[in-house]
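Q: What shape does this take:
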Amino acid sequence: MARTYDMSSRSQKAAETTQNIIEATERLITETSLQEISLRSIARESGVTVQTVLRHMKSRDGCLHAVAERVSSRVEMQRGVSEPGNITEAISKLVEHYEEEGKLVLNLLAQEHSGDSFASVLTNEGRAYHLKWVERCFGPHLSGKSSEIFDGIVVATDIYTWKLLRLDLGRSIGTTNKVIVGMVRRILGAS
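A: Got it, this is the predicted structure:
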């Protein structure tokens with residue numbers, strides 16, 4: 001019995017260490033350039049040794065991909081649940097997502113042409129996700145409308161619109177929601 005408990009405790013500790021490494025890598029991706037992220041910096045940020053990082057994640061890319069999976073899962077939980085056609089709910093979930101992930105995404109966008117394939121792959125996947133999200137959430141309002149209307153919704157709901165309102169102009173979350181909902185309704189001609 002004691003041996004079973006030890007194995008369970010050891011497994012739990014290993015899982016906690018893995019999560020700690022992934023969280024530390026995510027902080028680094030949010031705050032620094034990808035070129036500055038090394039096994040050594042991940043280990044330092046995690047409070048473990050490089051050998052521990054390698055044992056848990058296999059490589060630097062393993063750490064980065066684990067963060068990508070974690071963030072993708074959170075994005076889907078936030079943005080994937082809006083009822084198609086419900087503009088207010090969709091924008092609320094979108095702004096909530098940008099509030100939580102916006103700085104990380106903006107940091108990756110700033111590096112997408114730096115030659116680091118991780119940034120370019122993730123930003124391209126993010127754009128593809130956003131287009132599908134617009135199609136799914138606003139599809140009931142887009143039937144029979146021109147591609148310019150679709151593109152207008154993509155622009156109105158883009159992360160740079162959130163950045164301009166929240167980070168550059170210092171608008172509140174509530175005001176940001178209202179402004180984006182208003183833009184989307186005017187573009188769609190919806191009330």
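
Q: Walk me through the domains of the chain.
A: Following the assignment in the TED database, the chain carries domains at 1-67, 81-190.

Q: among those domains, which gets the worst mean confidence?
A: Least confident of the domains of the chain, judged by mean pLDDT, is domain 1-67 with a mean of 91.

Q: mind listing the strands for this protein?
A: Here the chain has no strands by DSSP state E.

Q: Next, the buried residues of the longest helix along the chain.
A: In the chain, taking DSSP state H as the definition, the longest helix is helix 2-31. Residues Thr17, Thr18, Asn20, Ile21, Ile22, Ala24, Thr25, Glu26, Leu28, Ile29, Thr30 are the ones in helix 2-31 that count as buried (16 or more other Cβ atoms under 10 Å). C-beta: built from backbone N, CA, C; applies to glycine.

Q: and of the domains of the chain, who's closest to Val75?
A: Closest approach to Val75 among the domains of the chain (Cβ to Cβ): domain 81-190, 6.1 Å.

Q: circling back to that earlier point, next one: the longest helix of the chain to chain centre, how far?
A: Computed by Cα atoms, centre = their mean, to the nearest Å, the chain-centroid distance of helix 2-31 equals 22 Å.

Q: Which elements pack onto it?
A: Packing contacts for helix 2-31, counted by 3 or more Cβ pairs under 8 Å, 6 or more residues apart in numbering; DSSP states H and E, involve helix 39-46, helix 50-57, helix 60-79, helix 87-110.

Q: quick one, the first one and helix 60-79 angle?
A: Inter-element angle recorded for helix 39-46 and helix 60-79: 50 degrees (by axes from the mean of the first three to the mean of the last three Cα atoms, to 10 degrees).

Q: CA-only coordinates of helix 39-46 in PDB, if you can.
A: C-alpha atoms of helix 39-46 as PDB (Å, rounded to 0.1, in the frame of the first residue of the first chain):
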ATOM      1  CA  LEU A  39      16.200  25.700 -22.300                       C
ATOM      2  CA  ARG A  40      18.300  27.600 -19.700                       C
ATOM      3  CA  SER A  41      15.800  30.500 -19.500                       C
ATOM      4  CA  ILE A  42      12.900  28.100 -19.200                       C
ATOM      5  CA  ALA A  43      14.600  26.200 -16.400                       C
ATOM      6  CA  ARG A  44      15.500  29.500 -14.600                       C
ATOM      7  CA  GLU A  45      11.900  30.700 -14.900                       C
ATOM      8  CA  SER A  46      10.500  27.400 -13.700                       C
END
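
Q: Which residues belonging to it are considered buried?
A: If you call a residue buried by 16+ other Cβ under 10 Å, then helix 39-46 has these buried ones: Leu39, Ser41, Ile42, Ala43, Glu45, Ser46.
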